Each structure stands twice: as structure tokens, then as C-alpha cells.
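pasting a predicted model and its sequence here:
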Amino acid sequence: LQIWGVMTNFTLLAVPLFIFMGIVLDKSGLARELIETMGMLCGRLKGGLALSVVIVGALLGATTGVVGATVVTMGIIALPTMLNHNYSRELSTGTIAAAGTLGQIIPPSIILILIGDVMGVPVGRLFMGAVVPGGVLVLMFIIYISIRATLNPDMAPAIHIQDNDKTVLQMLLTLLPPLILVVCVLGSIFFGIASPTESAAIGALGAMLLSALHKKLTLQNLREAVQLTTRLTSMVFLILVCARAFSLVFNGIGGNTFVFDIMTSLPGGQWGFLIVSMILIFILGFFLDFLEICFIVVPILTPIAAALGIDLLWLAILIAMNLQTSFLTPPFGFSLFYLKAVAPKDIRIQHIYKGIIPFVLIQLVTILVLITFPDIVTWLPDLMDRINGL
């Protein structure tokens with residue numbers, strides 16, 4: 001009955017809808033147009049192409065929420081362009097890998113939906129809580145790239161864009177549709193107009209409209225999008241069902257009580273639990289996908305956090321940010337291997353490892369900032385609650 005309850009959860013209907021939305025947008029050629037347009041706008045700046053990749057990564061994260069696809073897409077489109085303009089291999093690969101994982105924390109993130117369901121935190125509040133941390137992370141990436149390009153211009157030179165055929169109006173027409181889609185999807189949740197599942201349906205419809213505007217809404221593309229959505233969703237729910245069965249057995253033999261006693265007896269109370277759980281999730285992220293961690297580890301930690309009086313919204317954002325960091329960390333970061341699979345042959349894995357280290361340090365600093373100042377996470381949800389309560 002518990003497994004049946006999981007499978008009939010209304011909130012989880014948002015998962016296939018957001019996945020479909022991301023796949024349709026990926027097939028529409030949106031990523032290529034965004035990178036080309038942002039390259040024209042920022043290319044003349046030192047590090048402009050790298051800045052463009054970060055901004056596009058944030059936009060794609062806010063419209064697709066599918067991390068692997070974003071890393072691969074930007075690796076195929078942006079990496080050759082950056083290398084052709086004499087960008088260093090390390091900065092190019094590090095920027096693309098880091099920007100491609102922004103979809104882990106920037107709503108509508110699939111992982112936030114799943115974590116929210118597992119932890120019992122409203123998905124809408126999770127989306128609100130992730131907006132400011134995601135924006136802080138993007139800003140820190142931009143600051144790092146700008147400083148690096150200023151100190152070493154040869155690493156990220158300004159470029160001269162030859163193709164000036166696009167007018168300002170055409171650039172706006174490229175940038176505005178995905179921004180409008182993001183506002184419609186997230187705004188409908190934030191202002192209480194629609195539930196996350198209903199907003200996911202809005203996003204799926206909007207993605208089809210954008211694809212139609214790009215003349216890519218063909219029967220073949222739709223068929224491929226539906227098939228891929230079905231495969232990915234089936235994988236997610238199969239893992240969810242198996243994880244639920246594992247949890248029932250684990251709890252039945254008293255495993256949850258054993259872990260509860262250990263974690264609550266750690267020195268330092270809340271902080272001891274937080275440090276140990278964050279380190280544990282970070283290490284597990286090297287070897288396991290976020291689905292396994294979300295469905296097996298998080299349900300064990302959630303009751304302990306609640307008993308210790310920890311804000312579950314804050315903890316959920318920390319877990320999402322932590323997983324994003326572990327996916328970037330050498331030598332086992334999943335995103336690094338996604339990028340290596342589509343990188344030119346002269347790009348070695350050592351280039352990617354070396355390039356990603358500064359971004360991993362930025363991620364760790366951001367996590368420390370969120371731990372030190374929890375209001376960064378809770379400010380927007382509390383504000384929207386007051387607005388919607390008027």
C-alpha cells in the first residue's frame with residue numbers, strides 16, 4: 001500500500017512533465033541560439049564567452065532542469081567555440097561543467113521536486129528557497145571568471161564578433177521567450193496560482209510553443225521526446241519503488257532507530273549532525289546518482305533533522321547544493337565525464353579536473369555561506385507567504 005501511495009503521488013506528476021519540457025526545449029535548438037546571442041552581447045568583454053556560458057547555463061537550468069543534457073549540449077556547442085577563440089582548455093571545460101550543473105539548484109530542478117516529496121517540504125517553497133542561493137552561485141561564478149580574465153587576458157581573450165546580422169530586436173526575441181516561460185512556470189507557483197504539477201503542465205505546453213516558434217515541433221521530435229521522457233521517468237520511478245521497499249525492510253529490522261541513536265548522540269547537536277550528514281552525502285555523491293541518495297539516504301536523515309529542530313527547507317537546499325558540488329568534484333564527478341564524452345580529442349580529463357577545481361571551491365564557499373546565513377534560503381519563501389497571505 002505504501003508503494004502504491006508513492007506511485008499515485010500527485011506532486012510527482014511534475015517529474016515527467018518537467019523532463020518533457022526540458023527535452024522539447026533541447027530539441028528546439030534553444031541552447032545554440034542562446035549561446036550565440038549571449039556571445040554577441042558579451043563576447044567583446046574579457047572572458048565574455050565564459051560569462052555567456054554561465055548565463056546560458058542558468059537559463060537552461062531554469063527551463064529544463066535536466067543536468068546531464070545541459071552539460072552535453074553546451075559541451076557540443078560552446079566548447080569548440082571557446083577553444084577556437086584561444087580560451088584556455090582548463091577555464092573552458094571548468095566553466096561548461098559548472099554551468100551545466102546549475103540546473104541542480106535553480107528551479108524547476110527535478111532533484112528539488114524529489115527531495116521535497118521525500119522530506120515532506122512543499123515543492124513550491126523549495127523552489128522559492130533555491131532562487132537566491134542559485135543566483136548567488138551564478139554571481140560568484142561570474143565574479144571569478146571576470147577576475148581571472150582581467151588578471152590573465154590570454155586565458156580568456158575578448159573576441160571580435162564578425163556576424164553582426166542580428167539586430168537588438170532579434171536578440172531580445174531570442175532571450176525573451178525562455179525568460180517569459182521561466183516567469184510563467186515559477187511565478188504561477190510563487191504566487192499560489194498553480195501547484196508545481198500544474199505549473200509543470202504549463203511549462204510543457206510552453207516548451208511546445210517555443211519549439212513551434214523555432215519550427216522544430218515535428219512529429220519525429222515529439223515522438224523522440226515522449227520516448228525519452230518515458231524512459232527517464234520509468235527509471236526514476238523504478239528506483240523510487242525499489243528504494244521504498246528497501247526503506248520498509250531497513251526500518252523493519254530497526255536500522256532507522258540505530259542510525260537515529262548514532263546521529264543524535266553526536267557531539268555538537270544540530271551542528272554535529274549537519275557536518276556529518278553533509279560530508280556523508282558529499283562522499284556518496286562521488287559514486288551514486290542523486291536518485292539513490294535522494295530515495296535511500298535522505299529519508300533516513302530527515303526524521304533525525306526534524307527531531308533536532310533543523311529547518312527542513314534549509315537542509316533540503318543544502319543537500320541539493322552539496323550533491324551539485326559532488327557531481328563536479330574530481331575524480332568521480334558525473335558531470336566531468338559527461339563533458340569528456342563530447343569534448344574534442346585533444347581535451348584530456350586532466351584539463352577538466354584542473355579547470356573545475358576553482359568552481360568546486362566556489363561551491364564549497366557558497367555552502368558555507370548558506371550554513372552561516374540560513375536567511376538566504378528562507379527569506380524569499382517567508383516573503384511570498386506574507387504576500388500570498390494578504
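Noted; the coordinates are in hand. Given the structure is predicted, the values throughout are model-derived calculations rather than measurements.

only C-alpha atoms for contact and neighbour calcs from this point on.
OK.

look through the protein and report the residue furthest from the middle.
Largest separation from the mean C-alpha position in the chain: residue 253, at 35.3 Å (CA atoms, centre = their mean).

separation between it and residue 12?
In this view, residue 253 and residue 12 are 28 Å apart by CA to CA, to the nearest Å.

tell me where the stretch 151-300 of the chain has helices.
168-190, 196-213, 219-252, 255-264, 270-287, 290-292, 298-307 (DSSP state H, counting those that start in this stretch).

can you list those in CSV and add distance to residue 367?
Putting those into CSV (distance: least, CA to CA, whole Å) gives the following:
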stretch, distance to residue 367
helix 168-190, 24
helix 196-213, 26
helix 219-252, 27
helix 255-264, 21
helix 270-287, 10
helix 290-292, 18
helix 298-307, 18
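
which of those helices sits most buried?
helix 196-213 (a mean of 21; mean count of other CA atoms under 10 Å).

let me know the average pLDDT across it.
Regarding helix 196-213, the rounded mean pLDDT is 86.

extract the C-alpha set from that helix and format it as CSV.
Provided in CSV are the C-alpha atoms of helix 196-213 (Å, rounded to 0.1, in the frame of the first residue of the first chain):
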residue,chain,number,x,y,z
PRO,A,196,4.1,22.6,-9.0
THR,A,197,2.4,19.8,-11.1
GLU,A,198,0.0,22.3,-12.8
SER,A,199,2.9,24.7,-13.5
ALA,A,200,4.9,21.8,-15.0
ALA,A,201,2.0,21.2,-17.4
ILE,A,202,2.2,25.0,-18.2
GLY,A,203,5.9,24.5,-18.8
ALA,A,204,5.4,21.5,-21.1
LEU,A,205,2.9,23.4,-23.2
GLY,A,206,5.1,26.5,-23.3
ALA,A,207,8.1,24.3,-24.4
MET,A,208,6.0,23.0,-27.3
LEU,A,209,5.0,26.6,-28.3
LEU,A,210,8.7,27.7,-28.2
SER,A,211,9.6,24.6,-30.3
ALA,A,212,6.9,25.5,-32.8
LEU,A,213,8.3,29.1,-33.0
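
once you drop chain neighbours, what's closest to residue 354?
Once flanking residues are discounted, residue 354 sits nearest to residue 90: 6.1 Å by CA to CA, 6 or more residues apart in numbering.

so what pLDDT did the one you found get?
91.

pretty sure it contacts residue 351?
Yes - using CA atoms under 8 Å as the test, residue 90 is close enough to residue 351 to be in contact (5.1 Å).

tell me which strands and helices the strand or helix carrying the residue nearest to residue 354 is in contact with?
Per DSSP states H and E, residue 90 falls inside helix 89-100. Helices and strands touching helix 89-100, by 3 or more CA pairs under 8 Å, 6 or more residues apart in numbering; DSSP states H and E, are helix 48-63, helix 67-84, helix 334-342, helix 349-372.

who's in contact with the longest one?
With contact meaning CA atoms under 8 Å, 6 or more residues apart in numbering, helix 349-372 is reached by 89-95, 97-98, 133, 136-137, 140-141, 318, 321-322, 325, 328-331, 336, 340, 376-377.

run the last query once more with 7 Å
Applying CA atoms under 7 Å, 6 or more residues apart in numbering, the contact partners of helix 349-372 are 89-91, 93-94, 98, 137, 318, 321, 325, 328-330, 336, 340, 376.

that one: what's the following helix or strand?
Where DSSP H and E defines the elements, the next helix or strand beyond helix 349-372 is helix 375-389.

so what angle separates the directions of that next one and helix 349-372?
Counting by axes from the mean of the first three to the mean of the last three CA atoms, to 10 degrees, helix 375-389 lies at 60 degrees to helix 349-372.

so which bits of helix 375-389 are buried?
By neighbour count on 16 or more other CA atoms under 10 Å, the buried set for helix 375-389 is 376, 377, 378, 380, 381, 384.

stretch 39-52 too?
Burial within stretch 39-52, assessed by neighbour count using 16+ other CA under 10 Å, is assigned to 39-43, 45-52.

looking at pLDDT only, which of these scores worst?
Among these, residue 43 has the weakest pLDDT, 68.

one step back: residues in contact with the helix holding residue 90?
Applying CA under 7 Å, 6+ apart, the set of residues contacting helix 89-100 is 50, 53-54, 57-58, 67, 70-71, 74-75, 79, 82-83, 328, 335-336, 339, 351-352, 354-356, 359.

whichever of these end up buried, select them in PyMOL.
Command for PyMOL that selects the buried part of those, burial taken from 16+ other CA under 10 Å:
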select buried, resi 50+53+54+57+58+67+70+71+74+75+79+82+83+328+335+336+339+351+352+355+356+359
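
residue 193: how many residues sit nearby?
By other CA atoms under 10 Å, the residues close to residue 193 number 12.

where does it fall, phi/psi-wise?
phi -80, psi -40 (degrees, to the nearest 10).

then residue 192?
According to degrees, to the nearest 10, residue 192 has phi 70, psi 20.

look up how far residue 121 lies from the nearest residue to it once chain neighbours are set aside.
Closest residue to residue 192 apart from its sequence neighbours, by CA to CA, 6+ apart: residue 388 at 7.0 Å. Going from residue 388 to residue 121 by CA to CA gives 18 Å.

just to revisit the earlier point, most neighbours, which of the contacts of helix 349-372?
When neighbours are taken as other CA under 10 Å, the top entry among the contacts of helix 349-372 is residue 93 (30 neighbours).

report pLDDT for that residue.
92.

quick check: pLDDT value at residue 5.
In this model, residue 5 carries a pLDDT of 62.

return the residues in contact with residue 217.
Residue 217 touches 208, 211, counting by CA under 7 Å, 6+ apart.

dihedrals phi and psi, it?
According to degrees, to the nearest 10, residue 217 has phi -90, psi 70.

by contact count, what packs against the strand or helix carrying residue 143?
Using DSSP H and E, residue 143 falls within helix 123-151. Contact here means 3 or more CA pairs under 7 Å, 6 or more residues apart in numbering; DSSP states H and E; on that basis helix 123-151 packs against helix 110-119, helix 168-190, helix 375-389.

now the ones you listed as a markdown table including distance to residue 298 and mean pLDDT?
Output for the helices and strands packed on helix 123-151, formatted as a markdown table (distance: least, CA to CA, whole Å; pLDDT from 0 to 100):
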| stretch | distance to residue 298 | mean pLDDT |
| --- | --- | --- |
| helix 110-119 | 7 | 86 |
| helix 168-190 | 24 | 80 |
| helix 375-389 | 19 | 85 |
